[in-house]
Structures are given as C-alpha cells and as structure tokens.
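J.: here is a sequence together with a model predicted from it:
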Amino acid sequence: MRKYTYTTAYFYLMRKNTDIVGQVYGNQLRVRVIGICEVNGKILMVKHRGLGSDGIFYMPPGGGMRFGESAMDCLKREFAEESGIMISVGQFICVTEYLETPLHALELFFTVSRKGGVLKKGKDPEMGDKDQIIEKVEFMSYKRLNKIPYSQLHSLLHHVNSFSDIVHKQGYSYISG
C-alpha cells in the first residue's frame with residue numbers, strides 16, 4: 001500500500017485540478033473580462049490552484065462571458081462569484097491573448113470600483129465543490145505582488161508598482177506557454 005504524504009496528495013490534487021481545468025475550459029476560444037480593483041493602495045487578487053506551470057496562479061477577479069451577456073454584466077457577476085464584492089465598471093485598459101494548449105482566451109481588462117459587499121473566498125460555478133480552484137481572495141500590496149514569481153502571476157502585473165502602471169498598459173499583448 002502506498003503511503004501518501006502531504007506533498008504526494010498536493011501534487012495529485014494539482015494534477016487533478018489541471019485536468020479538470022482543461023476539460024471545462026480547454027479546446028475552445030474564451031472571451032474573458034478581468035477587473036482591476038484597487039483599494040487603499042492594494043489590488044484585489046485571486047489565488048488559483050491547478051493553473052499555470054507551477055499549479056498556482058494569481059490574477060485579478062474575472063471570468064468568461066456568457067452568450068448574450070455584456071462585458072460589464074459579466075464582470076459584475078464574476079466579482080460577486082469570486083470575491084463577494086459588488087463593483088461598478090470603469091475604463092477599458094487593454095486586451096491580452098493567452099494561448100497555452102488546451103487553453104486559449106482573449107482577456108479584456110477594465111478598471112473597477114468597489115461599491116459594496118463583503119470580501120470572501122468565492123466559488124467557480126463551472127467547477128464542482130470538490131474541484132474548486134479558487135484558493136484565496138485578498139487585497140495585496142504592490143510590494144507583495146512583486147515578490148510572486150512571474151510564472152505564478154498574470155503577465156499584465158509583471159513590473160507593476162502602482163495602479164497607474166496598470167492603467168497605462170494599453171493595446172494588445174500575446175502570452176503563450
């Protein structure tokens with residue numbers, strides 16, 4: 001009988017989550033909206049497991065648009081689902097294209113303002129209770145954000161020291177794995 005250590009169980013869970021992420025979101029082009037929410041000099045971040053090359057990935061809240069849903073409505077829904085926070089949507093910042101087989105997404109980034117709600121770790125409704133990939137939701141300082149390895153951080157947030165640094169990232173960028 002095989003003895004499971006914390007490490008063995010962790011890597012099994014990471015592999016399982018990665019497989020599920022590919023099954024749910026893979027082999028299709030997804031249009032995602034992502035919101036940059038800053039409060040008191042800190043940016044709202046979601047820590048995901050089962051994503052990225054290290055099995056851990058940080059990004060601001062956001063998610064896939066549904067047919068017939070506006071980008072603004074999608075972003076409000078995603079913030080509520082992932083963080084419990086109610087928002088208003090501000091200006092469009094930029095678009096990124098992410099392609100690492102089996103995942104392919106166009107990501108529309110917007111500024112958002114917090115309007116209410118209570119910060120909490122939310123759920124991803126496309127995933128079952130046992131397969132949730134949201135590990136933590138929190139406001140992070142830019143100093144702390146810059147300590148996260150690039151392989152675990154959305155590329156839009158590389159070399160960012162302020163909200164202004166993010167807002168000035170205009171245009172299109174391509175990210176491949």
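T.: Happy to help now that I have it.
J.: need the pLDDT of Y10.
T.: Listed pLDDT for Y10 reads 34.
J.: which strand or helix spans the closest residue to E78 other than its chain neighbours?
T.: The shortest distance from E78 to any non-neighbouring residue, by C-beta to C-beta, 6 or more residues apart in numbering, is to G63 (4.1 Å). Heads up, the C-betas are built off the backbone N, CA and C, glycines and all. Using DSSP states H and E, G63 maps to strand 62-64.
J.: cool, and H48?
T.: Per DSSP H and E: strand 42-49 holds H48.
J.: name the helices or strands packed onto the very next helix or strand once past that strand?
T.: Using DSSP H and E, the helix or strand that follows strand 42-49 in sequence is strand 56-59. Counting contacts by 3 or more C-beta pairs under 8 Å, 6 or more residues apart in numbering; DSSP states H and E, strand 56-59 is packed against strand 42-49.
J.: the strand it packs on pairs with which strands, parallel or anti?
T.: Paired with strand 42-49 in the same sheet, following DSSP bridges, are strand 28-39 (antiparallel), strand 56-59 (antiparallel), strand 134-141 (antiparallel).
J.: which residues sit in contact with H154?
T.: Counting by C-beta atoms under 8 Å, 6 or more residues apart in numbering, H154 touches 34, 57-60.
J.: the chain: helices as residue ranges?
T.: 6-25, 71-83, 142-145, 163-167 (DSSP state H).
J.: alpha carbons of the shortest one, as CSV, please.
T.: I take that to be helix 142-145. Below are the C-alpha coordinates for helix 142-145, written out as CSV (Å, rounded to 0.1, in the frame of the first residue of the first chain):
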residue,chain,number,x,y,z
TYR,A,142,2.3,46.1,-5.0
LYS,A,143,5.4,45.2,-3.0
ARG,A,144,4.0,41.8,-2.1
LEU,A,145,2.7,41.4,-5.7
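J.: in this structure, which residue is most central in space?
T.: In the chain, the C-alpha nearest the mean C-alpha coordinate belongs to M59, at 3.7 Å (C-alpha atoms, centre = their mean).
J.: first vs last residue of stretch 128-142, how far apart are they?
T.: 32 Å (C-alpha to C-alpha, to the nearest Å).
J.: okay, and the helix or strand of the chain with the least pLDDT?
T.: Scoring the helices and strands of the chain by mean pLDDT, DSSP states H and E places helix 6-25 at the bottom, with a mean of 47.
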